[in-house]
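Participant: Below: sequence and its predicted model.
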Amino acid sequence: MYEVNLKIGGMACDGCAARLQGVLAASSGIRSADVSFGECRAIVRFNEHVVSVEAIHDIIRRAGFEPDPTD
């Protein structure tokens, strides 16, 4: 299992963080997601054989937020 720690742009409140956390946690191959509005970060634990970091970035974008690709 891999873990990625991403800076997230576009969150305006704790509700945004909760929504993104739910979207990530429900996605195939993602074991868990901890999203913090205060830190503007998401820690995502995932099965690298099922989902890639690039796919996780796409999931975040489809949810209306922006992962920082340099982080």
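Facilitator: On my side now, so go ahead.

Participant: Quick check: phi and psi at Cys40.
Facilitator: The phi and psi torsions at Cys40 (degrees, to the nearest 10) take the values phi 50, psi 50.

Participant: Next, count neighbours for it.
Facilitator: 16 (other C-beta atoms under 10 Å). All C-beta atoms are positioned from the backbone trio N, CA, C, and that covers glycine.

Participant: what about the nearest residue to Cys13 once chain neighbours are set aside, distance to Leu6?
Facilitator: Closest residue to Cys13 apart from its sequence neighbours, by C-beta to C-beta, 6 or more residues apart in numbering: Phe37 at 6.3 Å. In this view, Phe37 and Leu6 are 14 Å apart by C-beta to C-beta, to the nearest Å.

Participant: higher neighbour count, these two?
Facilitator: Leu6 (21 against 17).

Participant: Give me the buried positions along the strand or helix carrying the more buried one.
Facilitator: Assessed by DSSP states H and E, Leu6 sits inside strand 2-9. Neighbour-count burial for strand 2-9 flags Leu6, Ile8 (criterion: 16 or more other C-beta atoms under 10 Å).

Participant: Check which helices and strands the helix or strand following it sits against.
Facilitator: Where DSSP H and E defines the elements, the next helix or strand beyond strand 2-9 is helix 14-25. Applying 3 or more C-beta pairs under 8 Å, 6 or more residues apart in numbering; DSSP states H and E, we find helix 14-25 packed against strand 30-36, strand 41-46, helix 53-62.

Participant: can you give me the angle helix 14-25 makes with strand 30-36?
Facilitator: 170 degrees (axes from the mean of the first three to the mean of the last three C-alpha atoms, to 10 degrees).

Participant: Quick one, grab the pLDDT at the residue nearest the centre of the chain.
Facilitator: Closest residue to the average C-alpha location of the chain: Ala42 at 5.0 Å, with C-alpha atoms, centre = their mean. We have a pLDDT of 97 for Ala42.

Participant: so how far is Ala55 from the closest residue in space to it that isn't next to it in sequence?
Facilitator: Setting aside the residues directly before and after it, Ala42 is nearest to Val35 in space (C-beta to C-beta, 6+ apart), at 4.6 Å. Going from Val35 to Ala55 by C-beta to C-beta gives 17 Å.
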